[in-house]
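A.B. asks: how does the following fold in three dimensions:
(one chain, ligands or ions: 1)
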Amino acid sequence: MDRELQDKIAIITGGGHGIGRATVDCFLREGARVAVVDWSAGKDIDQMPDGVLYCRTDISKVAECENAVREIVKQFGGVDILVNNAGVQTYGDAITTDEGTWDFNMNVNLRGQWLMARASIPEMLKRGGGAIVNISSVQGLASQRNVLAYSTSKHAMIGLTRTMAVDFAGRGIRVNCVCPGTVDTPMVRATIAQDRNPERLRKALNNMHPLGRIAQPREIGEVIAFLASNRASFMTGSIVVVDGGLITPIAGSPE
Ligand SMILES: NC(=O)c1ccc[n+]([C@@H]2O[C@H](COP(=O)([O-])OP(=O)(O)OC[C@H]3O[C@@H](n4cnc5c(N)ncnc54)[C@H](O)[C@@H]3O)[C@@H](O)[C@H]2O)c1
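C.D. replies: Down below sits the predicted model:
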């Protein structure tokens, strides 16, 4: 029997680390041909499985996105799936966030998702359709203190998802969004390491989630693979929360 993504050509942005890297493994297992679009060239990049096409790209740059998609089409013959996963996180509130920090978050997280979609959608249309999965965050649905630019960009991705879903539903492209809770990735490990009391923060992050722990990257990758596959054929414009129950409880409710 065919695997769920057999011979599908998939672009995974930010596939060099964390959630993106785990998603690469899920997609390969399901038979996809995978291209990773990532600006870093760290050790995970060197450990890419055989057959993965790596395009060193800054997704906030128009020409780099277009070149990457052109190269992927040249090497693989088209594009069926785009996983818009690459992202950055910074801290600051409305006073302490400077323009550079604001632009950095918006340019990578939001503009980058749009630019990669803009470059990929025409290729999907040539093949009769496709699937896009945007990775937002629980911080796209709610907020916490001191994450103005990040949380704002993540909220906007939900708008980006819905508007692209509406625009392209009639042309065979499904667009969905995943909102993870906290995931054990380099992004989160860096935040923990910078804390005055890393062990206390690690425990607090685990306890914040009703399931009692943060996620492993593969647990997000599996949901992304499902949304990209035909098993999710009637899903578009959906915002799928994968958060171990994080945003479910009524705040302050007694035990
Ligand atoms: N880790 C979490 O707890 C968590 C929670 C919710 C949402 N998310 C979101 O999931 C996505 C992946 O997060 P992660 O934790 O795996 O992050 P990560 O930092 O571990 O990995 C992100 C990857 O994106 C790449 N990247 C960053 N900026 C880029 C750019 N301009 N161009 C190309 N590649 C770029 C990095 O090189 C890296 O490989 C992000 O969008 C993040 O906001 C993460």
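
A.B. asks: can you pull the residues of the stretch 151-255 of the chain lying near the ligand?
C.D. replies: Where the stretch 151-255 of the chain comes near the ligand, counting by CB under 6 Å from any ligand atom, the residues are 180, 182, 183, 185, 186, 187, 188. For the C-beta atoms, the positions are set from N, CA and C on the backbone; glycine is no exception.

A.B. asks: just flag the most distant two among those residues.
C.D. replies: 180 and 186 (14.3 Å; CB to CB).

A.B. asks: okay, and the helix or strand of this structure with the least pLDDT?
C.D. replies: When the helices and strands of the chain are compared on mean pLDDT, DSSP states H and E, helix 43-46 comes out lowest with a mean of 67.

A.B. asks: downstream neighbour of that helix in the secondary structure list?
C.D. replies: Using DSSP states H and E, the helix or strand that follows helix 43-46 in sequence is strand 53-56.

A.B. asks: distance from the chain centre to that following strand, please.
C.D. replies: Centroid separation between strand 53-56 and its chain, computed with CA atoms, centre = their mean, to the nearest Å, is 17 Å.

A.B. asks: kindly state the pLDDT recorded for the nearest residue to residue 182 once chain neighbours are set aside?
C.D. replies: Excluding the flanking residues, the one nearest residue 182 by CB to CB, 6 or more residues apart in numbering is residue 214, at 4.2 Å. Model confidence at residue 214, given as pLDDT, is 98.

A.B. asks: how far away is residue 214 from residue 39?
C.D. replies: 25 Å (CB to CB, to the nearest Å).

A.B. asks: pull out the buried positions in stretch 241-253.
C.D. replies: Residues of stretch 241-253 classed as buried by neighbour count (16 or more other CB atoms under 10 Å): 241, 242, 243, 244, 246, 247.

A.B. asks: can you list the domains in this protein?
C.D. replies: 9-180+216-233, 182-214 (automatic domain parsing).

A.B. asks: kindly reformat those as CSV containing mean neighbour count.
C.D. replies: Below are those laid out as CSV (neighbours: other CB atoms under 10 Å):
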stretch, mean neighbour count
domain 9-180+216-233, 20
domain 182-214, 14
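
A.B. asks: quick one, which of those is nearest to residue 254?
C.D. replies: The nearest among the domains of the chain, by CB to CB, is domain 182-214 at 14.8 Å.

A.B. asks: good, we can wrap up now.
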